[in-house]
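>>> Pasting a predicted model and its sequence here:
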Amino acid sequence: MDRIEVEPGLYLTADSCVWYKPKDIIILADIHMGYESGLKEEGFSLPLFQKDEVLDKLSTIKEKYDPNTFVVAGDFKHDFGRSERQEFSDILDTMDYILQDCDLTIVRGNHDNYLQNLTEYKGVPFYEESIKIDDLFITHGHIDLNYHGILIIGHEHPSLKIRDKIGALIKQPCFLHSKKQSIIILPAFSPMAEGRDVVNTDKFFSDILSDIDDPKDFDVYALSESGLVHFQTIGKVRKAYHM
């Protein structure tokens, strides 16, 4: 399945983003541009492929949805400090690609220190805490905020462990959605971001979700090779795993 409507006009998609059809807006989170540079500082050397993969994914989204605006719900960049030369270049290239034919808005994430220097340079709106679009309240999730409407956050990097055809366990990024509480948690858009297994998660770490004792009632929508797959709730997936 390519997309699933979970709220009126609001679709989870197989492209790691939410599509808000009434205003042609794409919402995504956790690009973590410059991830390779961060690993290099820790002594690991990897080929620089993240930017190309991110741009390919953005290109697919543009072709499918022809959006007016991209909203990034935090962690556009990876390094907590000032951008190294490679990260600086990759961030600007990614912004430029989006801005070729779309507007771009960024909500600050916990990794986005110094990003405002670049958004001001590019004339990109940058929100410190959140942005409200109709009934959508979009924030990164690392700050506890009062909100009304449908909450959309990143930060958690949810993933689901799935056994492949040869019996190996792989992690698939996933959306989490609570219809009852009107909450959507986005998968990390970065192809390199470590996913947090939702089956073994007994509590969210995002400050804005601190009142939720157990995520067992959230529905899981995993991103697989065949598209978006609904696995029912975290609680039911847990039971299936322990049968």
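Okay, I see it.

>>> roughly how far apart are Met192 and Gln232?
When distances are taken as CB to CB, to the nearest Å, Met192 and Gln232 turn out to be 29 Å apart. Placement of C-beta: from N, CA and C, glycine included.

>>> typo on my end, Leu169
From Leu169 across to Gln232, the span is 19 Å (CB to CB).

>>> Please apply the same query to Thr60.
Here the criterion is CB to CB. By it, Thr60 lies 27 Å from Gln232.

>>> low-confidence ranges in this protein?
Along the chain, the model assigns pLDDT under 70 to residues 35-49, 80-85, 163-168, 242-243.

>>> Next, name the residue at the spatial heart of it.
Against the mean C-alpha coordinate of the chain, by CA atoms, centre = their mean, the closest residue is Ala29 at 3.1 Å.

>>> is it true that that residue touches Ile184?
No. Because the distance of 10.4 Å does not satisfy CB atoms under 8 Å, Ala29 is recorded as not touching Ile184.

>>> just to revisit the earlier point, which one of Leu169 and Gln232 is surrounded by more residues?
It is Gln232, of Leu169 and Gln232, that has more neighbours when counted by other CB atoms under 10 Å, with 12 against 9.

>>> for the longest strand along the chain, packing partners?
In the chain, taking DSSP state E as the definition, the longest strand is strand 169-178. Helices and strands touching strand 169-178, as assessed by 3 or more CB pairs under 8 Å, 6 or more residues apart in numbering; DSSP states H and E, comprise strand 158-163, strand 183-185, strand 219-224.

>>> where's Phe137, which helix or strand?
Secondary-structure element containing Phe137, defined by DSSP states H and E: strand 136-139.

>>> wait, Leu55
helix 50-65.

>>> And the contacts of that helix?
Counting by CB atoms under 8 Å, 6 or more residues apart in numbering, the neighbours of helix 50-65 from elsewhere in the structure are 2, 13, 15-17, 19, 24, 26, 31-33, 35-36, 67, 70, 90, 93-94, 97-98, 101-102, 189-192.

>>> Next: stretch 160-180.
Looking at what lies outside stretch 160-180 - CB under 8 Å, 6+ apart - the contacts are 6, 12, 16, 156-159, 183-188, 195, 197-199, 215, 217-224, 228, 231, 234, 237.

>>> Quick check: end-to-end length of that stretch?
Taking CA to CA, to the nearest Å as the measure, stretch 160-180 stretches 22 Å from start to finish.

>>> which of the residues in it are buried?
The neighbour-count check on stretch 160-180 (16 or more other CB atoms under 10 Å) flags Leu160, Lys161, Lys171, Gln172, Pro173, Cys174, Phe175, Leu176, His177, Ser178 as buried.

>>> what number of residues lie near the nearest residue to Gly149 once chain neighbours are set aside?
Computed as CB to CB, 6 or more residues apart in numbering, the closest residue to Gly149 that is not its neighbour in sequence is Asp135, at 4.1 Å. Other residues within reach of Asp135 by the criterion other CB under 10 Å amount to 14.

>>> Tell me if I'm right that Asp135 and Leu151 touch.
No. At 10.3 Å, Asp135 does not count as touching Leu151 under the criterion of CB under 8 Å.

>>> burial measure for the closest residue to Gly34 other than its chain neighbours, as a count.
In this structure, Gly34 finds its nearest non-sequential neighbour in Glu87, 2.8 Å apart by CB to CB, 6+ apart. If you count neighbours by other CB under 10 Å, Glu87 ends up with 22.

>>> Good, we can wrap up now.
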